[in-house]
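Asker: Generate a structure from the sequence data that follows.
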Amino acid sequence: MNIPAVQHHAGYPDVYLASRKRLVVTIHAAAGDIKTCELLVFPRTAPEKISSYPMKRVIRDEVRDHFTAEVITTDTLRYLKYYFRLIDSTGKLYFQNAWDTSENEPRDGFYEFLYANETNVLKIPEWAKGVIYYQIFPERFADGNPSNNPPGCQEWGTAPNRENYMGGDLAGILEKLEYLDSLGVECLYLTPIFKGDFNHKYATTDYLEIDPSFGSKETFRELVETCHKYGLKIILDGVFNHCSIHFAPFQDVIEKQELSRYCNWFYIKRFPVEVSETDADYECVGDYGYMPKLNTANPEVQSYIYNVMAFWLNEYHIDGWRLDVADEIDPSLWARIRYRIKSAHPDCLLLGETWGDGFSLLDGKSVDSIMNYVFRDSVRDFFARGSIDAKMFNHRICQMRSHYPEEIRQALFQPLDSHDTERFLWNCKGDIRRLKLAALFQMCFPGAPSIYYGDEIGLNGDNDPDCRRCMEWEKEKQNTEVLSFYKKIISIRKSYSCLRTGNIIPLVCKKMIYGYLCQSENQQIYVLMNGTEEEYEVRLPVLEIARYKNLLTGESYEAEKLVNTKYFNEDMIPCRGSIKLSLKAFEGIVLKTGGMKDEKKQ
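Answerer: You can find the predicted model right below:
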């Protein structure tokens, strides 16, 4: 056994509370190295009362296996000691405690869990698990009220740049809610709508007012209430890392210099402070001198941000916040904000922006979820660019999932693109087949998929600002094939809960062919995809010898008995049958058996 690869940290995320009576424990080992694993637990005061919990191999990447077990009690968890019993692939027995891995059962050096504090319970809003997002850049989605268009507003559909305006507003979103409902999305994420500079509004001047070019507070209230009538959630973009140079406290600094009571709200390098696009007298976000960075460690600033967040939650009943550049903000802010916000609004979602591994934010004490660009990058490289094969794609996707507890995996915001990236179709060089295959994977993969407005009708565009083109509402200019496909796969996703919150086990991983089982306790869905220009014949392993139906086409297949045939991850799951399938170029297949529980009518 590869002993150095056996790893367990007696803290988050390897040990976390799903409730005060449910403890989740994870251990890691080299891929394929451990045959069986047990978690052995006993009370601190009664070492003879050892309970054994078989550990399930839930994720495997190219490097490691990740085993998990749950300790469930009838009373509050407290004062537990534990260690692990491991049997390797040769049948040899090992034990793992806090000191080492040994062939001898330990008498000391046990791991220990002390007490299940309420604030240590990992609580994610249930509605956010598996939810389907629709991201809107308000200035470019729909113009419902031309009377509030800013001066110099250009014709709808004009090529976007960093300065021009097209007139999109809240009234336009309100008018299109029936369309969004028919598409099947479940939560709207709006980029900033507060009073601010520039067409993107990421330079906020007043956090308590709607930007006049977007409408009024009355219109916003109507939008939220109508969304809720449709069953749609709505979250807003909170830009709390930085502000505009026209933000009142910063203007006070410009006016009063060292005498301003707001000097410590910002990171002032030198006096006198003057506005400058480059080499500013103050720290700013990136190199944008027109957006000064807020001192988010300052208790006054933290109180101000909390009051802003609470205002929109209390007065307008929004469902959550997307938190801009959350990983650049002082961590003490999120700890304070989370406790106060969640105490009053436990179902409020806190979604943090980060472009890498979000572990520093997903510690159970900060945000609930992140914008998972690691997912986006992997999907782009496999489906759009074809720069990685199925083996590397599987490794990157599974490794990403292994970094987070199951509750968080179910709520990860998983985009193909956004207002900050080139459109996915651009990466596909306009190949609609690649976009459809990537969208199929996105909708048939656990987590919370996000559609960036217009992707569902084939809207294209290079990176910012080109990715912020106007939504196309003329039906003859929409790609109706893509739109119909999106509606179909969204319907499939909403019909089978395992696609939202289940676990995946890869079963086919060869060249550019990727297939997996997505399963929960009562459901199994098989997904198989061909990421090449060539037609391929593939044998897909399945759990049971039965009839299977392709949910995309209605076609049926009979599974045959699996005889002396090896398959990918065969030691993780026992398949009894297989189906011979022919996949066309960039074709995907979604299979189910009959008689599945919890199946909704489509």
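Asker: Kindly provide the distance from residue 55 to residue 430.
Answerer: Computed with C-beta to C-beta, to the nearest Å, the distance linking residue 55 and residue 430 is 47 Å. For glycine as for every other residue, the C-beta is placed from the backbone atoms N, C-alpha and C.
Asker: do the same with residue 224
Answerer: 37 Å.
Asker: When those two are compared, which one has more neighbours?
Answerer: Legend: neighbour count by other C-beta atoms under 10 Å for residue 224 and residue 430, higher for residue 224 (22 against 12).
Asker: mind listing what that one touches?
Answerer: Contact partners of residue 224, counting by C-beta atoms under 8 Å, 6 or more residues apart in numbering, are 234, 316, 317, 318.
Asker: Apply the buried test to the residues you listed and list what passes.
Answerer: When those are checked for burial by 16 or more other C-beta atoms under 10 Å, the buried set is 234, 318.
Asker: which one of the contacts of residue 224 is nearest residue 289?
Answerer: Compare each of these with residue 289 using C-beta to C-beta and the shortest gap goes to residue 318, at 31.1 Å.
Asker: Got the phi and psi for that closest one?
Answerer: For residue 318, the backbone dihedrals (degrees, to the nearest 10) come out as phi -70, psi 170.
Asker: quick check, residue 490 in a helix?
Answerer: Yes - using DSSP: H, G, I helix; E, B strand; the rest coil, the secondary structure at residue 490 is a helix.
Asker: What residues of stretch 76-84 count as buried?
Answerer: By 16+ other C-beta under 10 Å, the buried positions in stretch 76-84 come out as 77, 80, 81, 82, 83, 84.
Asker: And stretch 372-389, end to end?
Answerer: Between the opening and closing residues of stretch 372-389 there is a gap of 21 Å (C-alpha to C-alpha, to the nearest Å).
Asker: what do you get for stretch 46-55?
Answerer: Where stretch 46-55 begins and where it ends lie 23 Å apart, using C-alpha to C-alpha.
Asker: what's the distance between the residue in the chain sticking out farthest from the centre and residue 270?
Answerer: Here the chain reaches farthest from its C-alpha mean at residue 259, the gap being 44.2 Å by C-alpha atoms, centre = their mean. Distance of residue 259 to residue 270, given as C-beta to C-beta: 16 Å.
Asker: One more: residue 544?
Answerer: Distance from residue 544 to residue 270, by C-beta to C-beta: 72 Å.
Asker: just residue 425 next, same as before
Answerer: Taken as C-beta to C-beta, the spacing of residue 425 relative to residue 270 amounts to 47 Å.
Asker: what about these two, which has more around it?
Answerer: Set residue 425 next to residue 270 and count neighbours by other C-beta under 10 Å: residue 425 wins out with 24 against 9.
Asker: any idea which element the more buried one lies in?
Answerer: Assessed by DSSP states H and E, residue 425 sits inside helix 424-427.
Asker: pLDDT of the longest helix seen in the chain, averaged?
Answerer: Once the chain is assigned using DSSP state H, the helix that runs over the most residues is helix 299-316. Averaged across helix 299-316, pLDDT comes to 98.
Asker: Other residues contacting whatever helix or strand comes next after that helix?
Answerer: Past helix 299-316, heading to the C-terminal end, the next element that is a helix or strand (DSSP H and E) is strand 320-323. Residues from elsewhere that reach strand 320-323, judged by C-beta under 8 Å, 6+ apart: 125, 128, 189, 233, 235-238, 240, 309, 329, 348-353, 367, 371.
Asker: Among the residues you listed, which lie within strands?
Answerer: Judged by DSSP state E, the contacts of strand 320-323 include 189, 233, 235, 236, 237, 238, 349, 350, 351, 352 as members of strands.
Asker: what two of those residues are the furthest from one another?
Answerer: In these, two members sit farther apart than any others by C-beta to C-beta. They are 233 and 352, at 17.1 Å.
Asker: okay, and for the stretch 201-350 of the chain, where does confidence drop off?
Answerer: By pLDDT under 70, the stretch 201-350 of the chain contains no weakly predicted segment.
Asker: and if we set it to 80?
Answerer: Per-residue confidence for the stretch 201-350 of the chain (pLDDT under 80) gives these ranges: 279.
Asker: Tell me how far the helix holding residue 425 lies from the chain's centre.
Answerer: How far helix 424-427 lies from its chain's middle: 20 Å, per C-alpha atoms, centre = their mean, to the nearest Å.
Asker: which other residues reach that helix?
Answerer: For helix 424-427, the external contacting residues (C-beta under 8 Å, 6+ apart) are 380, 384-385, 416-417, 431-432, 435, 438, 455, 458-462, 467.
Asker: What is the nearest of those to residue 184?
Answerer: Out of the contacts of helix 424-427, the one with the shortest distance to residue 184 is residue 455. That distance is 13.8 Å, counting by C-beta to C-beta.
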